[in-house]
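Q: Here is a sequence with its predicted model. Questions after.
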Amino acid sequence: MQVSVNGVSLWVESRGEGSPVVLLHGLGSSGMDYEHVAPGLARKRRVIVPDVRGHGRSDKPPGPYSVSMFAADLEAALDHMGVKAAHVAGLSMGGMIAFQMAVDRPDLVRSLTIINSGPALVPRGFQQRYALWLRLFILRWMGPKAWAKVLASRLFPKPEQETQRRQVIERFGSNPKGPYLAATKALIGWSVLDRVKEIACPVLVLGSDRDYSPTEVKRAYVALLRDARLVEIRDSGHAAPSDQPGQVLAAMESFLDEVEGAPAPARQ
């Protein structure tokens, strides 16, 4: 369905019944990131899968965008849908938006599941700066399809993952260049690292063993959170819900069952 908020129309899918779980996709992607995870979660819960502004079937106005803008859109959409509090999960960019929501609207976020993401994207050192510069250069001068070809081989490097590589090229390559660039720029330099100690809800961090950032980076910010744990997804790259959906689903269901069985923490 389409939900109109903040001057844009967002595409939001909702299935199942029970406690709401919001699944936020990665940069340049859509709710299809969770096509192999959402059906399992929907057996016991209401699963809400939006396409962020500039992505998928949602409106794609010209930038600039910001992580705060993405979060505000989704908060307004949930308010519009009558959702009082939800478990919020996010992959990559979606994890950043989830962190932003948790610090801006703690009343709305019952728990967080962060998948191969973190509370900041501030490049440090030559290698990180170069990687981000290269992405922007390819997007600007060669277009989304060229970047999609690079991304496909990084996300799914195994010979048997050819079908998934073709899907990446088709899905990411079809993005309009302007909104894709605007969304990419929105992430660079973003941080709520100085506010993560405010987050009182339980946090599950899922880190793939072959993710772009090492497990040590995730472990460092997990230590700053009040109630957080880190679970490794084995034999997995950055797109864990696609290459290891079974492990992601099992970890999330166990975590959500535990959260729902415990008394809610006092809000401060």
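A: Structure's in. What do you need? Just so we're clear, the structure is a prediction, and the values are computed from it rather than from any experiment. Numbers count the residues shown, from 1 in each chain.

Q: Quick check, pLDDT for the residue nearest to Ala239 when sequence neighbours are not counted.
A: Excluding its sequence neighbours, the residue lying closest to Ala239 (C-beta to C-beta, 6 or more residues apart in numbering) is Leu155, at 4.8 Å. Every residue, glycine included, has its C-beta placed from N, CA and C. pLDDT, Leu155: 95.

Q: Contact partners for Leu155?
A: Gln164, Arg165, Val168, Gly237, His238, Ala239, Ser242, Asp243 (C-beta atoms under 8 Å, 6 or more residues apart in numbering).

Q: try 10 Å
A: 26, 148, 161, 164-165, 167-168, 172, 212, 237-239, 242-243 (C-beta atoms under 10 Å, 6 or more residues apart in numbering).

Q: tell me which helix or strand of this protein sits lowest on mean pLDDT?
A: Least confident element among the helices and strands of the chain, by mean pLDDT, DSSP states H and E: helix 125-141 (a mean of 87).

Q: How far off centre is whatever helix or strand comes next after that helix?
A: Sequence-wise, the next helix or strand downstream of helix 125-141 (DSSP states H and E) is helix 144-155. Chain-centre distance of helix 144-155: 18 Å, with C-alpha atoms, centre = their mean, to the nearest Å.

Q: what comes up buried for whichever helix or strand comes after helix 144-155?
A: Per DSSP H and E, helix 144-155 leads on to helix 162-173 as the next helix or strand towards the C-terminus. Using 16 or more other C-beta atoms under 10 Å as the test for burial, helix 162-173 gives Gln164, Arg165, Gln167, Val168, Ile169, Arg171, Phe172, Gly173.

Q: again, but for stretch 122-132
A: So, applying 16+ other C-beta under 10 Å, buried residues of stretch 122-132: Leu132.

Q: Renumber starting at 27 from here on
A: Renumbered: residue one is now 27, and that last one reads stretch 148-158.

Q: what's in contact with it?
A: Leu147, Trp159, Thr210, Lys211, Leu213, Ile214, Gly215, Trp216, Ser217, Leu219, Tyr238, Ser239.

Q: residues touching the fourth one, list them.
A: Under the criterion of C-beta under 10 Å, 6+ apart, the contact list for Lys211 reads Gly89, Pro90, Tyr91, Ser92, Leu158, Leu162, Leu165.

Q: Assign it to helix, strand or coil.
A: Here Lys211 is recorded as helix under DSSP: H, G, I helix; E, B strand; the rest coil.

Q: so Gln273 makes contact with Gly66?
A: No - Gln273 is beyond contact range of Gly66, at 11.6 Å (criterion: C-beta atoms under 10 Å).

Q: Confidence-wise, which of the contacts of Leu181 comes last?
A: Among the contacts of Leu181, pLDDT bottoms out at Tyr238, giving 91.

Q: Once you drop chain neighbours, what's closest to that one?
A: Tyr238's closest residue in space is His264 (C-beta to C-beta, 6+ apart), at 5.6 Å.

Q: now swap in Ala98 and tell me
A: Per C-beta to C-beta, 6+ apart, closest to Ala98 is Asn32, 6.3 Å.

Q: Starting from Tyr91, give me the distance back to the one you found.
A: Taking C-beta to C-beta, to the nearest Å as the measure, Asn32 falls 12 Å from Tyr91.

Q: what sits against the most centrally placed residue in the chain?
A: In the chain, the residue lying closest to the centroid (C-alpha atoms, centre = their mean) is Gly120, at 1.9 Å. Listed by C-beta under 10 Å, 6+ apart, the contact set of Gly120 reads 48-53, 55, 57, 59-60, 76, 78, 96, 100, 114, 139-143, 267.

Q: roughly how far apart are it and Ala97?
A: 11 Å.

Q: Pull up the overlap in contacts between those two.
A: The contact lists of Gly120 and Ala97 share Leu50, Val78, Val114, where a contact means C-beta under 10 Å, 6+ apart.
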